[in-house]
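Engineer: Pasted the sequence and its predicted model underneath.
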Amino acid sequence: MKAVLDACVLYPSVLREILIGVAAKGVYTPLWSARILGEWQRAAARLGPEGAAIASGEIATLRATWPEAEILSNPELEQRLWLPDPADAHVLATAIAGGAALIVTLNLRDFPNRALAPEGVQAQSPDDFLMERWLLDAGAVESAVRAVHARTESLSGRDQPLRGILKRASLPRLGKALG
């Protein structure tokens with residue numbers, strides 16, 4: 001299954017690392033566009049030059065690791081699509097061009113079912129998306145989450161409750177299921 005990862009789920013590090021970790025286990029195929037990656041980089045740049053530099057490095061790593069994940073933009077397709085926020089049409093266009101069934105986003109209200117259904121696409125929160133993946137392949141999801149949890153604790157230099165990490169990453173249901 002293919003899923004477009006919106007910029008808002010790529011920018012928070014823990015959320016991105018879990019989503020990419022689950023994809024690396026073969027549970028789904030992630031997709032994005034250069035514009036989605038650019039939105040992530042601009043959001044990170046608000047933290048200052050260091051945030052932009054870190055995002056640039058992480059984007060380069062994603063592109064190298066997942067070269068087939070980046071879908072070329074299609075301006076004609078974008079122009080025919082309607083969403084409440086026209087600036088989000090490129091995300092739906094990426095899903096259509098990439099053959100993705102899902103858009104994983106924290107901005108569900110920007111991707112109403114009435115606009116997505118005719119295109120054969122749905123939007124899901126990352127929590128719902130990962131819960132469904134967990135129900136299909138608990139081992140893969142738990143392994144990815146454990147790796148991110150260990151890395152988070154290592155970087156912070158202290159123990160951190162898994163449930164709290166997942167709640168801060170907008171994954172409260174997954175945190176409850178795994179916690």
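Structural biologist: Received, thanks. Source: prediction; values computed, not measured.
Engineer: you'd agree A101 is up against V4?
Structural biologist: No. Assessed by C-beta atoms under 8 Å, A101 is found out of contact with V4, at 9.5 Å. Glycine gets a C-beta too; all of them are placed from N, C-alpha and C.
Engineer: Residues that sit against both of the two, list them.
Structural biologist: Common contact partners of A101 and V4 (C-beta atoms under 8 Å, 6 or more residues apart in numbering): A95.
Engineer: quick one, which of those two is more surrounded?
Structural biologist: Using other C-beta atoms under 10 Å as the criterion, A101 and V4 rank with V4 on top: 28 against 14.
Engineer: Now do the contacts for I20.
Structural biologist: Contact partners of I20, counting by C-beta under 8 Å, 6+ apart, are 30, 62, 66.
Engineer: which stretches of the chain form strands?
Structural biologist: Along the chain, the stretches classed as strands by DSSP state E are 2-5, 29-33, 70-71, 102-104, 122-124.
Engineer: between those strands, which gets nearest to P161?
Structural biologist: Proximity to P161 (C-beta to C-beta) singles out strand 102-104 among the strands of the chain, at 24.5 Å.
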